[in-house]
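# coordinates only, sequence not included:
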RNA sequence: GCCGGGGUGGCGUAAGGGUAGCGUGAGAGGCUGUGGCCCUCUAGGUCCGGGUUCAAAUCCCGGCCCCGGCCCCA
C-alpha cells in the first residue's frame, strides 16, 4: 500500500496546521483592515482562460483534468482577471483579496511545492500610484501582524517601464536579459556578468555597471529618469509616501504581465522574497475591458517555513480546559463541559475510564492550561475542582460559579 | 526535464549477505482522586516491484518519494 503523498503535496500535522490557520487569519484580518473584500473562484478554469497570456512552458505546468478542457489554477491573478472581465458592472476601484490553494506541476524544491497557498490582494481600476502606496503599507502591516521583525526587512521597488527603456537602449530587450539580471542577488555580480558576457560580449560590463550605479534612492532615481520619465514620476510618488522602500534597478520578477511598478519584500537574506507584486495594466483587458491594476501576493509557504523554525512544541490542542472524571461520573463531567462550551470556552473531556494519573498525563502532553476534576464528591455537592496545570494550583468552586469564570 | 545525495517502527538511529537491535514517542498496568519521574508489559519497521542467492535491509535493475542544485517560476 502506498502511504506517501504525491510528489510536491504535503500533509500538515495538527500542530502545523494550527499555526497555518492562525497565520492565515492574521493575514485575512489585515486585508480586511485595508478595505479589501473576499472573492472566491473555482479551483479549475478553462484551459484557454489559464493560457491566455502564457507560453508553452507555463502550459506544461498546469495540472490538467483528463478528458476535459479545464485545469487547476496556477495563480490567483488570472481567475481575478477572468472574473472582472465577466463582471463589467463592478464598482471601481474593485479591491479583492483571496487566500487559496494553487497548483503547479513542476519539480519541487526548497519551499516550493506543487500545491501551495497564495494570499493575494489586488486593486482593479486605479492607475495612480496611490494604490501601490496602500499595498506597501498593507504588506508591512501583514508581516508585523504575523510577528516578524522588520528590522532587516527590505522593501524593494523597481519599474518595468524603466527596465524596458533600459534594455531598448542597450539593445538587449530579451527575456534572457531580464532573467539574468534578476539573479543578481542569487549568483552575484560575477555570475550575472558571466551570463551577460556570453550573450552580449563586450557591452555586458557596461550594462551591468549602469545597473549597479547609484548608492541611494536619489541617485537611482536620477538614472531612471535618464531612461524613463514615467518610471521616475511613479517611483518618486511611491517613495514620497513609503519612505522605507528602496529602489533596486535589477529587480525584475518573473511575471511577464507586469507593466509598471514592481514590488518585492525580503525579510532577511536567508530566504528570498516573501512578498511580491506589481502593476499589470494590460492583463484584465485580455478578458474584457482594460483596467489598470496592481496587486500583491504574500508568499505564504515561505512565511510559514520561517515561522515554523521558531516553534518547537508539538502541543496543539486548541481547547483550554480538559475535564477529568473518576468513577462513573462521565455524565456530570459532560454537564460541566457543556456549561463551559456554552460560554465559548474550548473544552475537551475524558472519554474512557482510566486513572486520574493518566488523565492528567494526557492533559499535560496535550498542552491544556486547566483541568477540571470531578468525582462522586463533586457531583453530590455540585462543585468542581479547577486546577491550573502550569501553576500546579487547584481550588474548589461551585458549579454555578462556572458560568462566570474567567480562564 | 536534468545533475547529485538519500529512504530501516510515528520520530531518531544500529546492523552492510546469515536471529532486524537501541533510544524516543504511543497504548495498558504497577497506581480506578492528583500530573511530566520510575518499573513492567504490549503494539509497531527494512519505500514499492522484479532479479541474483540455500539465504537480501544489505548486491543488481526499474519505479516511487524526500533533500540539495540546474532550468523555470506566468
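Now that the structure is in, tell me what you want to look at. Just so you know, these numbers come straight off a predicted model, no measurement behind them.

# give me the contact list for stretch A:18-35.
Under the contact criterion Cβ atoms under 8 Å, 6 or more residues apart in numbering, stretch A:18-35 has outside partners A:12, A:95, A:97, A:99, A:117, A:119, A:121, A:134, A:137-138, A:141-142, A:145-146, A:298, A:300, A:303-304, A:307-308, A:311, A:316, A:318. For every residue, glycine as well, the C-beta is placed using N, CA and C.

# buried among those residues? Need that as a selection in ChimeraX.
Per 16 or more other Cβ atoms under 10 Å, the buried members of those correspond to this ChimeraX selection:
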select /A:95,97,99,117,119,121,134,138,141,142,146,298,300,303,304,307
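
# which residues of the stretch 301-407 of chain A lie near RNA strand B?
For the stretch 301-407 of chain A, the contact set with RNA strand B under Cβ under 7 Å from any atom of the strand comprises A:326-327, A:352-358, A:360-365, A:373-378, A:385, A:387-390, A:392, A:394.

# which of those fall in helices?
A:356-358, A:360-365, A:376-378 (DSSP state H).

# counting neighbours, which of those residues comes out on top?
Neighbour counts for those peak at residue A:363, which has 24 neighbours (criterion: other Cβ atoms under 10 Å).

# ok, back up a step: pLDDT for the ones in helices among the residues of the stretch 301-407 of chain A next to RNA strand B - can I get that in CSV?
Output for those, formatted as CSV (pLDDT from 0 to 100):
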residue, pLDDT
A:356, 93
A:357, 92
A:358, 93
A:360, 93
A:361, 91
A:362, 91
A:363, 91
A:364, 88
A:365, 86
A:376, 93
A:377, 93
A:378, 94
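
# which residue does chain A bring closest to RNA strand B?
Closest contact between chain A and RNA strand B, by Cβ to the nearest atom of the strand, is at residue A:254 (0.9 Å).

# is that residue in contact with residue A:182, as I believe?
Yes. Proximity of residue A:254 to residue A:182 meets the contact threshold set by Cβ atoms under 8 Å, at 7.5 Å.

# ok, those two, which is more surrounded?
Each of residue A:254 and residue A:182 has its neighbours counted (other Cβ under 10 Å); residue A:182 has more, 16 against 11.

# contacts only, for residue A:117.
Applying Cβ under 8 Å, 6+ apart, the residues contacting residue A:117 are A:20, A:24, A:99-102, A:300-301.

# what values do phi and psi take at it?
phi -100, psi 130 (degrees, to the nearest 10).

# repeat that for the one 4 residues further on.
The main-chain torsion angles of residue A:121 are listed as degrees, to the nearest 10 and equal phi -120, psi 140.

# contact partners for it?
Residue A:121 touches A:31, A:34, A:36, A:95-97, A:135, A:138, A:295-296, counting by Cβ under 8 Å, 6+ apart.

# what are the buried residues along stretch A:243-256?
By neighbour count with 16+ other Cβ under 10 Å, stretch A:243-256 contains the buried residues A:245, A:247-253, A:255.

# pLDDT at the residue nearest in space to the middle of chain A, what is it?
A centroid search over chain A (Cα atoms, centre = their mean) returns residue A:300, at 2.8 Å, as the residue closest to the centre. Note on residue A:300: pLDDT of 92.

# I figured it was touching residue A:115, is that so?
No. Counting by Cβ under 8 Å, residue A:115 is not a contact partner of residue A:300; they are 11.9 Å apart.

# which residue ranges of the stretch 151-300 of chain A form helices?
Ranges of helices in the stretch 151-300 of chain A, per DSSP state H, counting those that start in this stretch, are A:160-169, A:175-181, A:184-200, A:203-212, A:217-227, A:229-241, A:300-310.

# buried sites along the longest helix along chain A?
Longest helix of chain A, by residue count under DSSP H: helix A:14-33. The neighbour-count check on helix A:14-33 (16+ other Cβ under 10 Å) flags A:15-16, A:18-20, A:23-24, A:26-28, A:30-31 as buried.

# pass me the low-pLDDT residue ranges in the stretch 201-350 of chain A, would you?
Flagging of the stretch 201-350 of chain A using pLDDT under 70 yields the residue ranges A:255, A:312-319.
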